[in-house]
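Chemist: this one's sequence-less:
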């Protein structure tokens, strides 16, 4: 028994592939993840140790770790919207500067200041893919250390 794939290849033309890809791109826009792209009201804020710590956190962290997320135009276009919404939801769950008391309460197993120090010093925060579109969020090594020290003091002050 011979498996003849020619009818399939005859149907599979570059034009049909392009039309199918375009149709798929249009169809995935119907998944309404933009409903989760919200900025709820702040519940509680940290008592910052300094204005400099607050400014560094706002510059490098607030897009994912606060309720002050800036949702650019591409955050409403799938599949980018799926990834951005997922990252913001995960970031807010891990640490939310606008729900500070809840963030402190969730840090009972591993101290929040140690988590922050580990993530920032390893270069995991902000993530490299975020910096491609937000180069102003990149911190110098000195700024990283200032942010780590300032957030540790802010956390201790509770």
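Modeler: Structure received. Note that the coordinates shown come from a computational prediction; the quantities given were computed from them, not determined experimentally.

Chemist: Which residue lies nearest the spatial centre of this protein?
Modeler: Among the residues of the chain, the one closest to the centroid is residue 87, at 3.5 Å (Cα atoms, centre = their mean).

Chemist: That residue and residue 63 touch, don't they?
Modeler: No - with contact defined as Cβ atoms under 8 Å, residue 87 does not reach residue 63; the gap is 9.1 Å. Any C-beta I mention is one placed from the backbone N, CA and C, and that applies to glycine too.

Chemist: so what's in contact with those two at the same time?
Modeler: Counting by Cβ atoms under 8 Å, 6 or more residues apart in numbering, the shared contacts of residue 87 and residue 63 are residue 130.

Chemist: for this structure, longest helix please?
Modeler: In the chain, with assignment by DSSP state H, the single longest helix is helix 141-157.

Chemist: hang on, the earlier thing: what pLDDT does the nearest residue to the residue nearest to the centre of the chain once chain neighbours are set aside get?
Modeler: Of all residues not flanking residue 87 in the chain, residue 64 sits nearest, at 5.9 Å (Cβ to Cβ, 6 or more residues apart in numbering). The model reports residue 64 with a pLDDT of 96.

Chemist: Look up which helix or strand residue 64 falls in, please.
Modeler: Per DSSP states H and E, residue 64 falls inside helix 62-65.

Chemist: So what touches that helix?
Modeler: Applying Cβ under 8 Å, 6+ apart, the external contacts of helix 62-65 come out as 57, 68-70, 87-88, 90-92, 94-97, 126, 130, 134, 137.

Chemist: if you set the cut-off to 7 Å instead, what comes out?
Modeler: Outside helix 62-65, the residues that touch it by Cβ atoms under 7 Å, 6 or more residues apart in numbering are 68-70, 87-88, 91-92, 95-97, 134.
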